[in-house]
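**Q** mind looking at a prediction? Sequence and model below.
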Amino acid sequence: MNIIYEKWDEILETVKTEHELSDVSFKTWLKPLTIHSIDDQVVTILVPSQQVGLNYISKKYALPLKVAISELTGSDYDIRFVLPEDVQNVEKEVPVSTNYNTSMEMANLNPKYTFDTFVVGSNNKFAHAASLAVAESPGEIYNPLFLYGGVGLGKTHLMHSVAHFILERNPSTKILYTTSEEFTNELIEAIRNGNNTAMTKFREKYRNIDVLLIDDIQFIIGKESTQEEFFHTFNALHGAKKQIIISSDKPPKDMEILEDRIRSRFEWGLLADISSPDYETRVAILRKKEEMDGYNLDDSIIEYIAKNIKSNIRELEGSLNKIIAYANLEKREVTMELAETVLKDIISPNDKKIITPEYIINTVAEHYDITPEDIIGTKRNSKVVYPRQIAMYLCRELANIPLKSIGQCMGNRDHTTIMHGCDKIEQELKTSQTTQKAIEILKKKLQPGN
Ligand SMILES: Nc1ncnc2c1ncn2[C@@H]1O[C@H](COP(=O)(O)OP(=O)(O)OP(=O)(O)O)[C@@H](O)[C@H]1O
């Protein structure tokens with residue numbers, strides 16, 4: 001929390017002492033003042049009612065308050081005074097509700113995205129635990145919580161789960177879910193209106209809340225005014241100990257053309273990634289979905305979907321829905337044959353294509369802009385050694401042939417060399433985003449249907 005909030009009483013006392021105010025003056029003019037918000041270097045002070053005399057207070061106490069704040073914090077803040085009616089007009093935009101369902105609708109939450117319906121697997125264990133911790137103590141431990149991962153892997157589901165959890169405990173919590181695209185559009189609209197009220201309304205909508213969920217933040221990249229506005233929104237909320245949860249398709253350090261001051265704020269709290277689910281988790285997700293929708297499919301069909309749709313949970317669920325919809329429409333039993341027919345467009349024929357070491361070597365070489373000869377050759381500079389190890393790893397993962405045979409295809413290398421290369425990449429995958437991304441992209445190139 002911004003120190004000005006914590007030391008507000010002390011600041012008022014300082015003004016009193018330094019300006020030798022009598023008790024009655026202090027009680028009348030200063031004591032009733034409270035902080036409305038602190039946005040980047042502007043302290044907005046709420047003056048309780050018009051009788052108190054906004055103009056008088058502003059003329060007489062703006063400077064003393066500015067000086068006292070500057071003495072306390074060591075930096076300069078501008079002072080702005082507002083009346084309750086100015087604020088209330090805007091606060092009506094986000095009314096408080098004590099009813100869970102109303103709050104949920106006002107917050108833009110999907111009722112199905114709760115912790116109960118979220119399947120925990122090794123791909124999302126950490127992100128799940130972090131989200132639960134935030135849900136239990138919003139604004140206190142990990143702020144912001146930054147969830148990142150590929151498309152359709154459950155980031156939105158998790159952030160909504162946090163919101164539901166908080167609302168169940170306290171339905172009057174003001175929560176707002178939005179996407180960075182919506183945020184940008186609303187900002188453009190406010191700027192286009194060209195008047196202060198539209199802008200104030202916009203700001204109050206986003207700053208007058210307890211929890212902000214902002215999805216797909218990567219879309220603010222390259223949008224300067226949005227970044228600027230988001231920066232101030234972030235500071236206002238964070239300064240007031242309000243929880244912020246952000247999702248993105250990549251971690252902050254990989255978000256190119258993002259202002260450094262924003263990147264560093266994203267990294268203030270906790271970063272948690274969600275990767276593609278393993279086979280067991282995919283089966284568990286399909287089973288959960290089946291249970292929720294009241295179906296009971298044969299194990300072999302569930303396994304068929306889980307084996308073939310690997311990287312995207314939205315697609316996984318979509319495949320199940322498609323099979324069921326098709327069966328209902330055609331009034332047919334769900335059989336393996338039906339599942340295969342329905343999913344033939346999604347499960348690319350490429351999956352059935354045998355992935356040979358040569359194919360992998362060519363694809364890796366092209367990706368790194370080197371030649372296949374570089375990969376199988378003996379050069380030892382980093383430009384070729386790393387892609388070579390990547391090729392070894394992919395051969396082991398996808399080609400389904402013994403290490404010895406991989407060694408033969410890779411310039412007659414010994415199987416222990418291949419093993420070493422694979423281990424190296426495996427280690428890197430635990431820590432390096434670059435390697436994770438490279439493997440993800442290359443796997444997609446080699447198996448486009450997955
Ligand atoms: N672990 C999980 N358990 C159950 N359902 C899940 C899980 N992960 C994702 N889903 C489901 O997969 C679908 C896609 O998830 P979601 O929209 O949260 O993904 P996302 O990561 O936000 O995607 P995008 O990058 O497109 O914004 C949703 O229907 C969600 O309920």
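**A** It's in. Residues are numbered from 1 along each chain as shown.

**Q** for the ligand, what's its nearest residue on the stretch 151-300 of the chain.
**A** Nearest residue of the stretch 151-300 of the chain to the ligand: G154, at 2.6 Å (CB to the nearest ligand atom). Using the backbone N, CA and C atoms, a C-beta is placed for each residue, glycine as well.

**Q** which ones are touching that residue?
**A** By CB atoms under 8 Å, 6 or more residues apart in numbering, the contact list for G154 reads F118, N124, A127, I274, I313.

**Q** is it true that the third one touches L153?
**A** By that I understand A127. No: between A127 and L153 there is no contact under CB atoms under 8 Å: 9.2 Å.

**Q** if we can go back for a sec, just the buried residues of the contacts of G154.
**A** F118, N124, A127, I274, I313 (16 or more other CB atoms under 10 Å).

**Q** now do the SS call for T341.
**A** helix (DSSP: H, G, I helix; E, B strand; the rest coil).

**Q** what about it, neighbour count?
**A** T341 has 12 neighbours, counted by other CB atoms under 10 Å.

**Q** can you redo the buried ones among the contacts of G154 as TSV with distance to the ligand, secondary structure and pLDDT?
**A** Below are the buried ones among the contacts of G154 laid out as TSV (distance: CB to the nearest ligand atom, whole Å; DSSP: H, G, I helix; E, B strand; the rest coil; pLDDT from 0 to 100):
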residue	distance to the ligand	secondary structure	pLDDT
F118	5	coil	96
N124	5	coil	95
A127	9	helix	95
I274	7	strand	95
I313	4	helix	94
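
**Q** wasn't P32 part of a helix?
**A** No: counting by three-state DSSP, one finds P32 to be coil, located in no helix.

**Q** how close does I217 get to I244?
**A** Distance of I217 to I244, given as CB to CB, to the nearest Å: 10 Å.

**Q** got a list of contacts for the host helix or strand of E373?
**A** Secondary structure from DSSP states H and E places E373 in helix 372-376. Applying CB under 8 Å, 6+ apart, the contact partners of helix 372-376 are 358, 361-362, 364-365, 383-384, 387-388, 391, 409-411.

**Q** narrow those residues to those that are buried.
**A** Using 16+ other CB under 10 Å, the buried ones in those are I361, V364, A365, V384, P387, R388, A391, C409, M410.

**Q** is it possible to export the residues you listed to CSV including pLDDT, distance to P84 and secondary structure?
**A** Supplementary listing: these in CSV, determined by pLDDT from 0 to 100; distance: CB to CB, whole Å; DSSP: H, G, I helix; E, B strand; the rest coil:
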residue, pLDDT, distance to P84, secondary structure
I361, 94, 70, helix
V364, 95, 65, helix
A365, 93, 68, helix
V384, 94, 69, helix
P387, 96, 64, helix
R388, 96, 68, helix
A391, 96, 67, helix
C409, 91, 76, helix
M410, 92, 74, coil
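
**Q** going by distance to the ligand, which of those residues wins?
**A** Nearest to the ligand out of those is V364 (CB to the nearest ligand atom; 26.6 Å).

**Q** tell me who's in contact with the closest one.
**A** I375, P387, I390, A391, L394, L442.

**Q** mind checking how far S432 is from the ligand?
**A** Distance, S432 to the ligand, by CB to the nearest ligand atom, to the nearest Å: 21 Å.

**Q** number of nearby residues for T378?
**A** T378: 9 surrounding residues under other CB under 10 Å.

**Q** any idea which helix or strand carries H36?
**A** strand 34-39.

**Q** tell me which strands and helices the longest helix along the chain is in contact with?
**A** Counting residues, the longest helix found in the chain (DSSP state H) is helix 54-73. Judged by 3 or more CB pairs under 8 Å, 6 or more residues apart in numbering; DSSP states H and E, helix 54-73 is in contact with helix 3-6, helix 8-18, strand 42-46, strand 78-82.

**Q** report the buried residues of the third one.
**A** For strand 42-46, the neighbour count (16+ other CB under 10 Å) marks V43, T44, I45, L46 as buried.
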